[in-house]
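> here are the coordinates; sequence isn't available:
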């Protein structure tokens, strides 16, 4: 999509060659103004991203939003929901929210959550089915697909009780993880969710309507694998155990803080799973794949304490990407041009900066920070080179919604997104788990003054956009039909900040809700504790 001053690939490299500090001082980039809409809920207090901490794609290129939100019904089993309300997947478009429902079974009060939407409007995720695992007193959940009309389909398992649909391409191919019936003492998925070992093997799967669910296998002698991405060519990326011997060092990135076997990232195509290798450690994590088959993520060094970013493709193999002089770095997105974005530490490892590794380059370009913050961490990049992420001054790089703002980077300039939208009293937009599509639309978390968390859609609306000159109309039109607090988007009052008395009084409660929800380190899980 072309509009305004969105940069071409050549212009991106020119902009990146400009020192960020100079670019920030000049402020020569004209940022868009955005309409702001609270997506709301289905009667409960909160919106939830993927409970397992894996990346999501909850925004389509037509402004359609999906995910999971609380209903007003109390859930006695608390389906991974710290606030214990029944959660349902939804689809939101043009101010109208549709409840996608859950699988039938049991009392019928089942939970569901959407993790990924393709450009056809098909959505994948999980749903409980009314049965409870007696080993952990926790609901069984199944991999599901919602059609573009909202009909739910159980995709089954590989012989076990659990399954999760993680991503879907426009061809309707779905990837994720499903249990088989073989006992497994080091079950990957059980560690991810509960931090315990129980049940059977978890295997990466590829599903389509013609062949059903296919087990993609594992690396080496490993038992478990997880498929996280599928691109438009049907290529799959994820990670797998390579053996069944637990390592002496536990990391939160592999095994949720438990000792588990060696985990390497994989690339799968045409029936073959390829081990992407490692940097000598026992934990490797995938954080993005594009339609060219390039994979990005990070891998631990010997000793399993330090980790460095990587980019992989079939031609060049595993390439170690640089940091900013520190010992840590991690990508969190890659576009089809091959530009990877994420963060890296400077010497001392107490400051994190957003960086971009241009395609074919291993040296990062420091994009700096905005306003008075000390840390920035990128979450996503679109095909136009626009980047979003979080701003914080937390020394650990913590991006919990109560602890961070959101940034937009374009044309060599980084700006706090909260300054680009109408005044929004009682709402702090956070960069946690955000996403930006190729039309420049953004979905972000917003912390409400009462401590609740909602999703917000930001739509470019000024003269620098192809639908320019209509700022405010979409907010007004959506406010009449959207759920919950769309009326918060008004004029004049000062937006809430993380230092507001009403916000700070709620921080402990919000932290309690989320700390169990996101077990992983990294922007996708709000924390980068060392």
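Nice, I can see it. Only a predicted model underlies this, so the values are computations on that prediction, with no experimental measurement involved.

> so who does residue 164 touch?
Counting by CB atoms under 8 Å, 6 or more residues apart in numbering, residue 164 touches 52, 115, 125, 126, 141, 143, 176, 177, 178, 189. Glycine gets a C-beta too; all of them are placed from N, C-alpha and C.

> Please name the residues that touch the most centrally placed residue in the chain.
Among the residues of the chain, the one closest to the centroid is residue 55, at 3.0 Å (CA atoms, centre = their mean). By CB under 8 Å, 6+ apart, the residues touching residue 55 are 228, 287, 288, 332, 524.

> Parallel or antiparallel, which strands does the helix or strand hosting the fourth one pair with?
Element membership of residue 332, judged by DSSP states H and E, is strand 329-334. Here the strand partners of strand 329-334, with direction, are listed using DSSP bridges: strand 340-345 (antiparallel).

> My guess is residue 371 contacts residue 416. True?
Yes: the criterion here is CB atoms under 8 Å, and residue 371 meets it with residue 416 at 5.3 Å.

> The two: which has the busier surroundings?
residue 416 (17 against 14; other CB atoms under 10 Å).

> Report the beta-bridge partners for the more buried one.
With beta bridges defined as DSSP bridges, residue 416 has these partners: residue 407.

> what's it in contact with, if anything?
Under the criterion of CB under 8 Å, 6+ apart, the neighbours of residue 416 are 370, 371, 391, 405, 406, 407.

> State the pLDDT value of the fifth one.
Translated: residue 406. According to the prediction, residue 406 has pLDDT 94.

> Just give the number of residues close to it.
29.

> hmm, back to that, in the contacts of residue 55, find the pair that's most separated.
Among the contacts of residue 55, the pair separated by the greatest distance (CB to CB) is 228 and 332, at 12.8 Å.

> Tell me if I am right that residue 418 is in a helix.
Yes: counting by DSSP: H, G, I helix; E, B strand; the rest coil, residue 418 falls inside a helix.

> What is the end-to-end distance of stretch 307-327?
End-to-end span of stretch 307-327 (CA to CA, to the nearest Å): 7 Å.

> got the buried residues for it?
307-313, 318, 321, 323-324, 326-327 (16 or more other CB atoms under 10 Å).

> Can you pick out the most distant pair from the contacts of residue 416?
The largest separation in the contacts of residue 416, counting by CB to CB, is between 371 and 406 at 11.5 Å.

> Now do the shared contacts for those two.
Counting by CB under 8 Å, 6+ apart, the shared contacts of residue 371 and residue 406 are 391, 416.

> and residue 101, what are its bridge partners?
As assigned using DSSP bridges, the partners bridged with residue 101 are residue 89.

> from what I can see it touches residue 112, true?
Yes: with contact defined as CB under 8 Å, residue 101 reaches residue 112; the gap is 6.8 Å.

> And these two? Which one has more around it.
Using other CB under 10 Å as the criterion, residue 101 and residue 112 rank with residue 112 on top: 25 against 17.

> from memory the more buried one sits against residue 105, does it?
No: the criterion here is CB under 8 Å, and residue 112 misses it with residue 105 at 11.9 Å.

> rewinding a little: report the buried residues of the strand holding residue 332.
Quick answer for strand 329-334 (16+ other CB under 10 Å): 329, 330, 331, 332, 333, 334.

> what is the mean pLDDT for it?
Here the average pLDDT along strand 329-334 is 95.

> For it, what is the distance to the chain centroid?
Remark: strand 329-334 is offset 11 Å from the chain centroid, using CA atoms, centre = their mean, to the nearest Å.

> Contacts for that strand, please.
The contact list for strand 329-334 (CB under 8 Å, 6+ apart) reads 55, 285, 287-290, 294-298, 307-311, 321-323, 340-345, 355, 357, 364, 377-381, 389, 522-524, 528.

> Among the residues you listed, which lie within helices?
Among the contacts of strand 329-334, no residue falls in helices (DSSP state H).

> which of the residues you listed count as buried?
Among these, those buried by neighbour count (16+ other CB under 10 Å) are 55, 285, 287-290, 294-298, 307-311, 321, 323, 340-345, 355, 357, 364, 377-381, 389, 522-524, 528.

> Looking at those, which are in strands?
In strands, defined here by DSSP state E, the members of those are 285, 287-289, 295-298, 307-311, 340-345, 355, 357, 377-381, 389.

> Tell me who's in contact with residue 379.
Counting by CB under 8 Å, 6+ apart, residue 379 makes contact with 332, 333, 388, 389, 390, 431, 432, 433, 434, 435, 523.

> Relative to residue 235, which of these is nearest.
residue 333 (17.0 Å).

> now the closest one: how far from residue 381?
Look at residue 333 and residue 381: by CB to CB, to the nearest Å, they are 5 Å apart.

> Check the contact lists of those two and give me the overlap.
Counting by CB under 8 Å, 6+ apart, the shared contacts of residue 333 and residue 381 are 340, 341.

> Including distance to residue 441, could the contacts of residue 416 go into CSV?
Written out in CSV, the entries for these read as follows (distance: CB to CB, whole Å):
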residue, distance to residue 441
370, 21
371, 23
391, 20
405, 19
406, 14
407, 16
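
> Pull out the buried positions in stretch 449-457.
Judged by neighbour count using 16+ other CB under 10 Å, the buried positions of stretch 449-457 are 449, 451, 452, 453, 454, 455, 456, 457.

> In CSV, list these along with secondary structure and distance to residue 94.
What follows is the buried residues of stretch 449-457, written out as CSV (DSSP: H, G, I helix; E, B strand; the rest coil; distance: CB to CB, whole Å):
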residue, secondary structure, distance to residue 94
449, coil, 27
451, coil, 29
452, coil, 23
453, strand, 23
454, strand, 18
455, strand, 15
456, strand, 15
457, strand, 10
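
> Need the max-distance pair from these.
Between all members of the buried residues of stretch 449-457, the farthest pair (by CB to CB) comes out as 451 and 457, at 21.2 Å.

> Okay, now the unreliable bits of the protein?
Counting by pLDDT under 70, the ranges of the chain that qualify are 1-29, 50-54, 79-81, 136, 187-198, 463-470, 472-530.

> and residue 145, what are its bridge partners?
Per DSSP bridges, the residues bridged to residue 145 are residue 124, residue 153.

> how much space between the residue nearest to the centre of the chain and residue 31?
Per CB to CB, residue 55 is found 25 Å from residue 31.

> what's the answer for residue 208, then?
Residue 208 is 41 Å from residue 31, by CB to CB.

> can you pick the most crowded of the contacts of residue 164?
residue 176 (32 neighbours).

> residues in contact with that residue?
Residues in contact with residue 176 (CB under 8 Å, 6+ apart) are 124, 143, 163, 164, 165, 166, 167, 204, 205, 207, 226, 227.

> Save the contacts of residue 379 as TSV, and put in distance to residue 86 too.
Converted to TSV, the contacts of residue 379 look like this (distance: CB to CB, whole Å):
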residue	distance to residue 86
332	31
333	32
388	30
389	32
390	29
431	28
432	23
433	22
434	26
435	25
523	28
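
> Which one of the residues you listed is nearest to residue 444?
After measuring the contacts of residue 379 against residue 444 - CB to CB - the closest member comes out as residue 434, at 4.5 Å.

> The closest one reaches residue 407, doesn't it?
No: counting by CB under 8 Å, residue 434 sits too far from residue 407 to count as a contact (9.5 Å).

> Touching both of those two, which residues are there?
Common neighbours of residue 434 and residue 407 (CB under 8 Å, 6+ apart) are 388, 389, 390.

> Which one of these is nearest to residue 255?
Looking across those and measuring by CB to CB, the closest to residue 255 is residue 390, at 25.6 Å.

> count of neighbours near that closest one?
When counting by other CB under 10 Å, one arrives at 35 neighbours for residue 390.

> who's in contact with it?
By CB under 8 Å, 6+ apart, the residues touching residue 390 are 376-377, 379, 399, 404-407, 430-432, 434, 523.

> returning to what we had before: what sits in contact with each of residue 101 and residue 112?
88, 89, 152.

> The first one: neighbour count?
What it means is residue 88. 24.

> Could you shift the numbering so residue one becomes 40, and keep it that way?
New numbering, starting at 40: the last item is residue 127.

> For the residue nearest to residue 293 when sequence neighbours are not counted, which residues are in contact?
Leaving aside its chain neighbours, residue 293 sits nearest to residue 322 (3.7 Å; criterion: CB to CB, 6 or more residues apart in numbering). Contact analysis of residue 322 by CB under 8 Å, 6+ apart lists 290, 292, 293, 294, 301, 302, 338, 339, 343, 346.
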